[in-house]
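Participant: Need the 3D shape of this:
(chains A and B)
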Amino acid sequence: MDAIRTTNLVKKYGQKLAVENLSLAVRAGTMFGFLGPNGSGKSTTIGCMTGLLDATSGEIELLGQRFTADNAAIKRRIGVMPETLGLFEPLYAHEFLAFVARMFGLDEATTRLRVTELLAALELTDTSKTLSEYSTGMRKRVAFAAAVIHRPEVLFLDEPFESIDPAGVSLMKQWLRRFTEQGRTVFITSHVLETVERVCQEVAIITRPGKLVWQGDITALANDGAVVCNGQEFRALEPLFLHLTGERYADLKWL
Amino acid sequence: MNTSLIGELVKLRYKLLWAKTRSRNGRIALFLAGYLLLVMVIALLTTGGIGAGVLAVRSGKAEKIAQGVLTALFLEAVLAANILGFGMSAVFSETELRRYPLTAPDRRIARHLTGILDPFWFLFLALELGLAVGLYVLGAGSFWFGIVAVLLLFAANYLLARVVGLFIDQMMQRKGGAPVLMMLIMTLAFLPSVVAPLIKKNPAIVSAVVQRLRYTPPFGAAAAMIHPDLAGVRGLATIVAWILGLAALLVWLEKRPPQRQVAESVKIEWDSPFDRVGALFGPQMGPLVGHWLRFYARNSRTRTLYLISLPIVALLTFQLGHLWKMPHSLFVVALGMAPMATFFGTSRIAVNQFGYVGGAFRRYFLLPTDPAATLRAASYAAVTIGASVLPIGLLAWTIFVPYPFDARMLAMLLCTGLTSLFVLNALGIWVTLFNPRRGNYASNFGNDLSLGGNILLIGSGMMVFLPRLLYKFQPALVSPESWWMFLPLPVLALAFYLATLKSAGPVFVTRREKLLAIVEGRN
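Facilitator: Numbering: from 1, shown residues only, chains lettered A, B, ... in the order given. Down below sits the predicted model:
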């Protein structure tokens, strides 16, 4: 079964096209990388898939059901770590996580247990600071904790690894692997191609404006193999990405 | 001093002001119209000032009228700057200025120069200049002495507003500071009622007080405007002395920012009062209302406004009550104070509910609930906080007001309080949806509300004159005998509030992308 499926998804801001006829299918239980240059429409696509934005046209299916922004039942089964993290800055980490847990219907005992465990596991034990006083990496960990606290079936992570220290990234990757081993799905956007290459089984690459240029299995790359695209063999994700999205070169002589 | 860099920053301040209108072509026209309006207002104020000058000369009491006008303007500017936040915004923060090659004194000058060049201060400058010109035209003053006096008074006024603002901020952040501040305002509120009988007994006090007031900036400026001689020079020297003193005080206060009291570790509290109050709204709404209550309560500006709202209401009730000559004058004034009591504290967030959440705004749409519930919960929180003022206010009325106990008065005050609470919060929802503005939650100074927000806030303040108008045309309406006529008002207001909540929900969902762009600063 596909955990995520979009059919001819289009998103326009006024006359400006942000996502163009995007059709994607993500199998349940996979770690899926969604890649593209800056401004190519990755976050807009996630916004449409999670109910933040209304698609201009096209269809979105999550967990086998048609998804619209007011579908609370499906929202309860997904977790999202947005690009902007979406943290309420004046709150303490435990207050924020408890609020999210309660909103997702967790009972009080489970809320307290999970918040405590997540804070400890993600080394967010400095409870004297509000979220506005946290470092970027710590804020990211809080946003990650908020995305997983209700044990979702599909997890959307927008740039999850940037700004997090190596130990934190390693822990998150470990959790995400276990997550997918249990048949749950992770949808990741990232610019750290080496990490995506190691953790994802499949990727989709889009260019501006939200146009799908390639989707395929990349498990071979993690085993020193190659993927074939347009008749060419690629042994890493970076050359494949640059081949599809175009390399840029500018020589600033004064620099 | 790095004048060229400071000059660039001043230019940038106006470019940023202009840039706010660039996003839509229509806004440019609106901005131009706004500025034309401002120019017109300035012109009108100048004319008003000239008129006051003319009146001062013709009445033969030029100096006394100038003293009165300048003192009123001076105090109004300080009050408006600190209560409404006009002319107090930090265009560039210290952190932002540290990015540029500026020394610490340069940064301070740049911050205050960009602050004093706020259009708000120009309005007061225009009035004062008008007065100086009016006095000069009718031959009651020196042009150059007048101009210098106005410019110095302008600087002193800005500095005093800043010092008062910083003092309030520091008091609010210190343990026990809030009650001390409330006591100070209450003392100010009751001072006239204590002083008035004393003056009646001994009128010589007035001239003694006036003698002391000669050493204040408005009186100094009045002296300089009227007397182009040694007395004028003394007046200018008085203002310069105040400027130096206030500048030194400002630097001292700025160098001693209040240290946030940080505990080594905060014990995790699972069951906070916010959540307990939120739980009263049911299991679905409870966490959201608790969240919004916390959001309101953690905002230091909201806390300050909430705590000083009742003392200010008391201050104005007693001041205006003594000024307006009519039966039950305190009661008539108090009827008009209801909006200020119930709405003032929460107003900043209530008229711009999502303007301070930034990127967290999108979180509301990821929650497995009807997004409109967020809007409702935010409003419930504002109404709950606003309503908490009512019992305290009514109790204070019963204890302090020198009238025999009259339950009809209490009923009427309660009705106006509830009516304003529901009506203003309902209007706040519409402003939130159609005229939001991205603001800084942590900022304690400045006015970061949209035009609609300001109109609602200032309009609610202006309601104080409504009972006075009613008294003029239909005195029976504001008499305790008409208490029963007030009973349907809260019911109608509640109906309007509930209808607003119902109809605003779908609007909120439809407009969410626009709101998102604004609150995330992409508009």
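Participant: what about the residue of the stretch 251-400 of chain B found nearest chain A, how many neighbours?
Facilitator: Here the residue of the stretch 251-400 of chain B nearest chain A is residue B:359; by C-beta to the nearest C-beta that distance is 3.0 Å. In short, each C-beta sits where N, CA and C put it, glycine included. Applying other C-beta atoms under 10 Å in any protein chain shown, we find 19 residues neighbouring residue B:359.
Participant: so what's it up against?
Facilitator: A:82, A:84-87, B:520 (C-beta atoms under 8 Å, 6 or more residues apart in numbering or on different chains).
Participant: Stretch B:79-97 and chain A in contact?
Facilitator: No. Under the criterion of C-beta under 8 Å from any C-beta of the partner chain, chain A is not reached by stretch B:79-97; the shortest gap measures 13.6 Å.
Participant: Now do the strands in chain A.
Facilitator: Here chain A has its strands, by DSSP state E, at A:2-13, A:16-27, A:31-35, A:57-62, A:65-66, A:78-81, A:154-158, A:185-189, A:202-207, A:211-217, A:227-229, A:232-234.
Participant: What helix or strand is the residue lying closest to residue B:148 once chain neighbours are set aside located in?
Facilitator: With C-beta to C-beta, 6 or more residues apart in numbering or on different chains as the criterion, residue B:148 has its nearest non-adjacent residue at 6.3 Å, and that residue is residue B:236. In the assignment (DSSP states H and E), residue B:236 maps to helix B:230-255.
Participant: following that helix, which helix or strand comes up?
Facilitator: Next along from helix B:230-255, by DSSP H and E: helix B:273-279.
Participant: That next one: what's the following helix or strand?
Facilitator: Assigned by DSSP H and E, the successor of helix B:273-279 is helix B:282-297.
Participant: Show me what that following helix is packed against.
Facilitator: helix A:93-103, helix B:273-279, helix B:371-400 (3 or more C-beta pairs under 8 Å, 6 or more residues apart in numbering or on different chains; DSSP states H and E).
Participant: Show me where the stretch 51-200 of chain A has its helices.
Facilitator: A:72-75, A:93-103, A:108-121, A:136-148, A:166-181, A:193-199 (DSSP state H, counting those that start in this stretch).
Participant: my bad, should have said the stretch 101-250 of chain B
Facilitator: B:104-116, B:119-137, B:143-173, B:177-201, B:204-213, B:217-226, B:230-255.
Participant: Need the residues that contact the first one.
Facilitator: This points to helix B:104-116. Here helix B:104-116 makes contact (C-beta under 8 Å, 6+ apart) with B:1-2, B:5-6, B:9-10, B:13, B:87-92, B:94, B:97-98, B:102, B:154-155, B:158, B:162, B:251, B:254.
Participant: hang on, the earlier thing: can I get the helices of the stretch 101-250 of chain B in CSV including mean pLDDT and mean neighbour count?
Facilitator: Formatted as CSV, those follow (pLDDT from 0 to 100; neighbours: other C-beta atoms under 10 Å in any protein chain shown):
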stretch, mean pLDDT, mean neighbour count
helix B:104-116, 88, 18
helix B:119-137, 84, 23
helix B:143-173, 90, 21
helix B:177-201, 76, 14
helix B:204-213, 83, 10
helix B:217-226, 92, 29
helix B:230-255, 94, 16
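Participant: rewinding a little: out of the helices and strands packed on helix B:282-297, which one sits most buried?
Facilitator: helix A:93-103 (a mean of 24; mean count of other C-beta atoms under 10 Å in any protein chain shown).
Participant: What helices and strands are in contact with that helix?
Facilitator: helix A:108-121, helix A:136-148, helix B:282-297.
Participant: Need the contact partners of the last one.
Facilitator: Counting by C-beta under 8 Å, 6+ apart, the neighbours of helix B:282-297 from elsewhere in the structure are A:88, A:90-91, A:95, A:99, A:102-103, B:272, B:274-281, B:302-303, B:346, B:349, B:356-357, B:369, B:373-374, B:376-378, B:380-382, B:384-385.
Participant: Contacts only, for the closest residue to chain B within the stretch 51-200 of chain A.
Facilitator: Nearest to chain B in the stretch 51-200 of chain A, going by C-beta to the nearest C-beta, is residue A:84, at a distance of 3.0 Å. Going by C-beta under 8 Å, 6+ apart, residue A:84 touches B:358-360, B:362, B:520.
Participant: of all the helices and strands packed on helix A:93-103, which lies closest to residue A:212?
Facilitator: Taking C-beta to C-beta, helix A:136-148 is the member of these nearest to residue A:212, at 24.7 Å.
Participant: Hey, what's the angle from the closest one to helix A:166-181? Just curious.
Facilitator: Angle of helix A:136-148 versus helix A:166-181, following axes from the mean of the first three to the mean of the last three C-alpha atoms, to 10 degrees, is 10 degrees.
Participant: Pull out the buried residues from helix A:136-148.
Facilitator: Within helix A:136-148, the residues that qualify as buried are A:138-148, counting by 16 or more other C-beta atoms under 10 Å in any protein chain shown.
Participant: How about stretch B:397-411?
Facilitator: B:397, B:401, B:409-411.
Participant: In contact with the residue nearest the centre of chain A, which residues?
Facilitator: By C-alpha atoms, centre = their mean, chain A has its centre lying nearest to residue A:157, at 2.1 Å. Residues in contact with residue A:157 (C-beta under 8 Å, 6+ apart) are A:81, A:144, A:147, A:186-189.
Participant: So which bits of the stretch 251-400 of chain B are right by chain A?
Facilitator: B:262-268, B:270, B:272, B:286-288, B:290-291, B:294-295, B:298-299, B:357-363, B:365-371.
Participant: hang on, the earlier thing: closest one of the contacts of residue B:359 to residue B:138?
Facilitator: Taking those together and measuring to residue B:138 by C-beta to C-beta, the closest member is residue B:520, at 55.7 Å.
Participant: Please enumerate residues in contact with stretch A:141-151?
Facilitator: With C-beta under 8 Å, 6+ apart, stretch A:141-151 has contacts from A:76, A:79-82, A:85-87, A:93, A:96-97, A:100-101, A:104-106, A:114-115, A:118-119, A:122-124, A:131, A:134, A:155-157, A:160, A:164, A:168, A:172, A:175, A:179.
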